[in-house]
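S.K.: predicted model and sequence follow; I will ask about them next.
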Amino acid sequence: ERPFKCLQCGKRFWTSSCLLRHQRTHTGERPFKCLQCGKRFWTSSDLLVHQRTHTGEKPFLCTDCGKSFNRNAHLVTHQRVHTEGQPYTCGECGKTFRRSSHLLTH
């Protein structure tokens, strides 16, 4: 059983940090503030991701095509274009494509 329980609603969590983040949904507390625009966040990791909108940093790189993303989840979603529904395969290098015209261009 999850040992950390919210006293407000009874929801349980595996870690105290998850409980703390959840408790902020009850209090509305957002202690992490962006110094550039003033927007506030529940977690430091949410603030970090947000700050990339100001810096343009995109540290998550697709090794298939070189496109980069500011969130790992966006990279994971993008990578599906390289693996799903691509019936056209290059006989020399094995790269796959969704369209035959892309294979011909390659």
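M.R.: Ah, there it is. Bear in mind that the values here come from a model prediction, so they are computed numbers and not experimental data. Residues are numbered from 1 along each chain as shown.
S.K.: which residues are contacting the helix or strand in which residue 80 is found?
M.R.: Residue 80 belongs to helix 72-83 when assigned by DSSP states H and E. Outside helix 72-83, the residues that touch it by CB atoms under 8 Å, 6 or more residues apart in numbering are 60-62, 64-65, 67-69, 96, 98. No exception for glycine: its C-beta is placed from N, CA and C like everyone else's.
S.K.: can you give me the buried ones in it?
M.R.: Going by neighbour count (16 or more other CB atoms under 10 Å), the buried part of helix 72-83 is 75, 78-79.
S.K.: with stretch 49-62 instead?
M.R.: 49-51, 60, 62.
S.K.: looking at those, which are in helices?
M.R.: Residues of the buried residues of stretch 49-62 located in helices (DSSP state H): 49-51.
S.K.: any idea which of those residues is closest to residue 14?
M.R.: Nearest to residue 14 among these, counting by CB to CB, is residue 49 at 22.2 Å.
S.K.: tell me how far the closest residue to residue 106 other than its chain neighbours lies from residue 78.
M.R.: Spatially, and ignoring its direct neighbours in sequence, residue 106 is nearest to residue 90 (5.9 Å; CB to CB, 6 or more residues apart in numbering). With distances taken as CB to CB, to the nearest Å, residue 90 is found 20 Å from residue 78.
S.K.: which residues touch residue 58?
M.R.: With CB under 8 Å, 6+ apart, residue 58 has these contacts: 52, 68-70.
S.K.: partner residues bridging the nearest residue to it once chain neighbours are set aside?
M.R.: Distances taken as CB to CB, 6+ apart place residue 68 nearest to residue 58, at 3.8 Å, with adjacent residues excluded. Taking DSSP bridges as the rule, residue 68 bridges to residue 61.
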